[in-house]
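K.L.:
structure for the following, please:
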Amino acid sequence: MIKKLLKKASEIEAHEIKATALSFLFVFILMLAYYILRPVRDAMASDWSDAEVSQLWTLNFFISTGVVAFYGLAVSKMKFKLLVPSVYAFFAVTFILFYSFMSSITDSTLVDKCFYVWLSVFAMFHLSVFWSFMSDVFNKDQARRLFATIAAGASAGALLGPMIPTLFAGVGTDNLILVAAVLLLIPIPVILTLTKLKTSELKNEDETTDTSKYKIGGNPFAGFKSFVTNPYLLAIGVFILLYTMISTFVYFEQKNLLAEFDRAKRTQILGSIDWIVNVLTFGVAFFATSRIVKKMGMGYTLALMPIIVCVGILILAFAPIIVVLLALQVARRAGNYAVTKPAREMLFTEVDKETRFKAKPVIDVVVYRGGDMATAWIFTGLTEGLGLGFTAVGIIGGGIAAVWAGVGLWMGKLYNRQRAIK
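P.N.:
Below is the predicted model:
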């Protein structure tokens, strides 16, 4: 009965249940850890000016680029079965170190800023590696049917995660960091089990070459080269860049509107927003997203949220109050996690394994953080330089969202063309 219900609700076949459940658990743990830390990070930002945050985002871009380059070297040199577990073990250790520093240093301003930057690196990198791994475990047909269901695990983790800082902000942010670090060690045995299930139950040994016991090899910087020379990857990069620009505009307005609250209150407010977002996201991702992609096609699916966001930003431009802003945040982020993100990850099932593990982090991390950096300085220039108000900035944001929708439609055509070629 359970198998029939699962198949009816989310198109999962019987032999895929175990791998899907473990993948769900994997991303659930990742997002649980991240969403414990996210309100802690964002609460820090309201203590700093737009220019200070722009400086941190610039630093974040260069550090992210260095981390992706180092990861490309690891992809080429490490045995594949050790690669993905090592990523999460490494980040767990770094957060334990931050816990130690914050617990022992009286004036932690510098440590806070380092943590802000490092968590921003982690925020993009941990999911990029996860979805690269998913694209390797599942074949193209399974990805179309299962990725939205797996993405619901991210929503579930993101649903529970914010409740912890919201309810326990008084126990100290240092302890929250330690909890998240320990959680990041849990996925390691899950990764090893999924690697075995790829061939034993999913029967995907013929879909992709099983390199779990070997090195992927190749040029460590092949990901950067592939990105700038492959039109398909460039199109994905442009789509993500425009999404980033919109996110940055909204983030800075949120930061400024929350400046009047103390850090503990900000942490609780941001945690509450995260919780609302993920309540909405979970149901859509689990039950509806795969059907949306099937019925609307990739292009219209990718353009759906940009259109909604464009309308929301224009409303905000003429009604610049915190309630409207937070409603836009909820709609934008829920739509991204439930619809846009799973659809975007399906795009990477049409590339080879080396491209998936080397070029994808370049797009997900370097391009994303490059967009953050550029847009942060643009926003600072518009507000602190030109002195533009909320309405003028909102109209500019609406224009960017309209372009983003057009790129989504274009990306859908490229995706269909890529599938036809293969």
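K.L.:
which residues of the stretch 51-200 of the chain score low on pLDDT?
P.N.:
Along the stretch 51-200 of the chain, the model assigns pLDDT under 70 to residues 107, 166, 168-173.
K.L.:
so which residues of it form helices?
P.N.:
Using DSSP state H, counting those that start in this stretch, the helices found in the stretch 51-200 of the chain span residues 80-104, 109-137, 140-160, 163-168, 173-183, 187-200.
K.L.:
tell me which of these is the most buried.
P.N.:
Mean neighbours per residue, mean count of other Cβ atoms under 10 Å, is largest over the helices of the stretch 51-200 of the chain for helix 140-160, with a mean of 23. In this view, the C-beta of every residue, glycine as well, is placed from N, C-alpha and C.
K.L.:
so how far is it from its chain's centroid?
P.N.:
13 Å (Cα atoms, centre = their mean, to the nearest Å).
K.L.:
how about stretch 82-102?
P.N.:
18 Å.
K.L.:
quick one: contacts of that stretch?
P.N.:
Residues from elsewhere that reach stretch 82-102 (Cβ atoms under 8 Å, 6 or more residues apart in numbering): 30, 37, 71, 74-75, 78, 108, 111-112, 114-115, 118, 122, 125-126, 129, 133, 173-175, 177-178, 180-182, 184-185, 187-188, 191-192, 357.
K.L.:
show me where the stretch 201-350 of the chain has its helices.
P.N.:
Using DSSP H, counting those that start in this stretch, helices in the stretch 201-350 of the chain cover 222-229, 231-257, 263-287, 289-318, 322-335, 341-346.
K.L.:
show me what the first one is packed against.
P.N.:
Where contact means 3 or more Cβ pairs under 8 Å, 6 or more residues apart in numbering; DSSP states H and E, helix 222-229 is packed against helix 50-77, helix 231-257, helix 353-361.
K.L.:
I'd like to check the angle between that helix and helix 50-77, please.
P.N.:
Interaxial angle, helix 222-229 versus helix 50-77 (axes from the mean of the first three to the mean of the last three Cα atoms, to 10 degrees): 110 degrees.
K.L.:
other residues contacting helix 222-229?
P.N.:
68-69, 72, 219, 233-234, 237, 354-355, 357-363, 366-367.
K.L.:
helix or strand for the closest residue to residue 64 other than its chain neighbours, which one?
P.N.:
Leaving aside its chain neighbours, residue 64 sits nearest to residue 369 (4.3 Å; criterion: Cβ to Cβ, 6 or more residues apart in numbering). Per DSSP states H and E: residue 369 is located in helix 368-380.
K.L.:
what's the first helix or strand after that helix?
P.N.:
Next along from helix 368-380, by DSSP H and E: helix 390-421.
K.L.:
tell me the angle that next one makes with helix 322-335.
P.N.:
Angle between the axes of helix 390-421 and helix 322-335 is 10 degrees (criterion: the same axes, to 10 degrees).
K.L.:
got the buried residues for helix 390-421?
P.N.:
In terms of neighbour count (16 or more other Cβ atoms under 10 Å), helix 390-421 has its buried residues at 390, 393-394, 396-398, 400-402, 404-405, 407-408, 410-412, 414-415, 418.
K.L.:
circling back: list the contacts of the helix holding residue 369.
P.N.:
Against helix 368-380 from outside (Cβ under 8 Å, 6+ apart): 50-51, 53-54, 57-58, 60-61, 64-65, 120-121, 124, 240-242, 244-245, 248-249, 252, 393.
K.L.:
so how do I select the buried members of those in PyMOL?
P.N.:
To isolate the buried members of the contacts of helix 368-380 in PyMOL, using 16+ other Cβ under 10 Å:
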select buried, resi 50+53+54+57+58+60+61+64+65+120+121+124+240+241+242+244+245+248+249+252+393
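K.L.:
could you check how far residue 413 is from residue 176?
P.N.:
Distance, residue 413 to residue 176, by Cβ to Cβ, to the nearest Å: 44 Å.
K.L.:
same deal with residue 419?
P.N.:
The value you get for residue 419 to residue 176, if Cβ to Cβ is used, is 44 Å.
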